[in-house]
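Colleague: mind folding the following:
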Amino acid sequence: MESKNLELAIQLRHELHQHPELSNQEIWTKQHLIDFLKTHTQLEIVDRGHWFYAIYRSTVGRRNIAFRADFDALPIEETINLPYGSKFPGVSHKCGHDGHSATLCGFALEVDQKGCDKNVFFLFQHAEETGNGASECSVFIKENDIDEIFGWHNWSGVKYNTVHVIDGTAQFASKGVSIYMEGVPSHASEPEKGINPAFAIAKVIDAIPGFIDPEINKGIVLCTVVQVDIGAKAFGVNASKGVLRLTIRALYEEEMDKLQENLERVTRDEAEKYGLKVGFEYQDEFPETSNHKESSDKIRQVCKEKGIPMVEMTEALRASEDFGYYTKLTRGSYCYIGNGENHPNLHSYEYDFRDELIETGVELFKGLVEL
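Modeller: Take a look at the predicted model:
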């Protein structure tokens, strides 16, 4: 990577870090990225509202290859002392999306300056953290007849500056579930005159271990209770309203869907038994991120040819990532570059993206467009 381009990419990363914006609120971030590309490249820019992409059009090739970066931040306070620290209280880039976007911009500089025999699409995506960013951007695949798409994420707890790759499922599918139950209030001294949802909610929670039993599932299936809220701090009142919030997660999306069906069934059964009204709400929905072997093999080939250290992953990451919306529609692969075994974890106060990974990410992408 040209040293000047690397300097520009690192400077851009620091600017993005100073101005973090939450999912679906990334107005300054998106415009700053567009302005950077307009200033430093001749690429065509296509603005799609919350998101955008840039295009390098080849004069000799017809194949369309895409590379994606996310650019939203998290509702986490910046507590470490950085010369480019967040200027916005309670919001910071604690997942490294600033580094992903800076890498894609650095790659765009290289392609714009040196050319390519393929049409290259640089996709800048909003709202990865909530899962709805890629679901909105996925129209980009068919609209541009994308043959293949690649992306990467920095990852802590693994070898530094080393590419990690896997075939098939790379990250679990997951979904946030809220189960609402409503009965009838009564005086606490006369609970028989009301309908309290506590017992039905307890029955639903009690049924969970049976649904996630490894003996009846081919992959890992998880159901995490994140909140139980029943009634209020009113000792004279028999509770009448309650909500149970869960995160459901699975290696295979079909088994997550089965878990959801089972939860809905037992909830309705218990609600009917006790005479409760019931409702369901879903959010933060992520598909499984599944890599195509042909695309993962290209990552392996580039690492071998360029001497980039590489490790084969032995299992998928339990955390979710919305890149899977793209690989449902076209070939592609999502890989990881290590922050180091002892680097602070993503989504932690102590975390910061490592600028050294930018050059590795750019060189990996350059190798992929050259194949």
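Colleague: show me where this structure has helices.
Modeller: 3-18, 27-40, 97-114, 132-137, 139-143, 198-211, 253-274, 293-306, 324-327, 356-370 (DSSP state H).
Colleague: closest one to Tyr160 among those helices?
Modeller: With CB to CB as the measure, helix 356-370 is the member of the helices of the chain nearest Tyr160 (8.4 Å). For glycine as for every other residue, the C-beta is placed from the backbone atoms N, C-alpha and C.
Colleague: which residues are contacting the closest one?
Modeller: With contacts defined as CB atoms under 8 Å, 6 or more residues apart in numbering, helix 356-370 is touched by 1, 5-6, 9-10, 13, 65, 67, 99-100, 102-104, 106-107, 110-111, 116, 118, 120, 150, 152, 154, 161, 163, 298-299, 301-303, 305-306, 308, 335, 337, 339.
Colleague: just give the closest residue to Leu43, not the sequence neighbours.
Modeller: Ala54 (4.2 Å; CB to CB, 6 or more residues apart in numbering).
Colleague: next up, the contacts around the one you found.
Modeller: With contact taken as CB under 8 Å, 6+ apart, Ala54 is in contact with Leu37, Thr41, Leu43, Glu44, Ile45, Val46, Ala108, Phe121, Phe122, Phe124.
Colleague: that one pairs with what?
Modeller: Assessed by DSSP bridges, Ala54 has beta-bridge partners Ile45, Phe122.
Colleague: from here on, call the first residue 625.
Modeller: Yes, from this point I'll number from 625; that puts the last item at Ala678.
Colleague: that older thread, of the contacts of Ala678, closest to Gly903?
Modeller: Phe748 (36.4 Å).
Colleague: pLDDT score for that closest one?
Modeller: Note on Phe748: pLDDT of 99.
Colleague: on that earlier part again, only the buried subset of the contacts of Ala678, as a PyMOL command please.
Modeller: To isolate the buried ones among these in PyMOL, judged by 16 or more other CB atoms under 10 Å, type:
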select buried, resi 661+665+667+669+732+745+746+748
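Colleague: let's have the contacts of Ala678 in CSV, adding distance to Pro809.
Modeller: Output for the contacts of Ala678, formatted as CSV (distance: CB to CB, whole Å):
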residue, distance to Pro809
Leu661, 58
Thr665, 63
Leu667, 62
Glu668, 61
Ile669, 57
Val670, 55
Ala732, 60
Phe745, 57
Phe746, 56
Phe748, 50
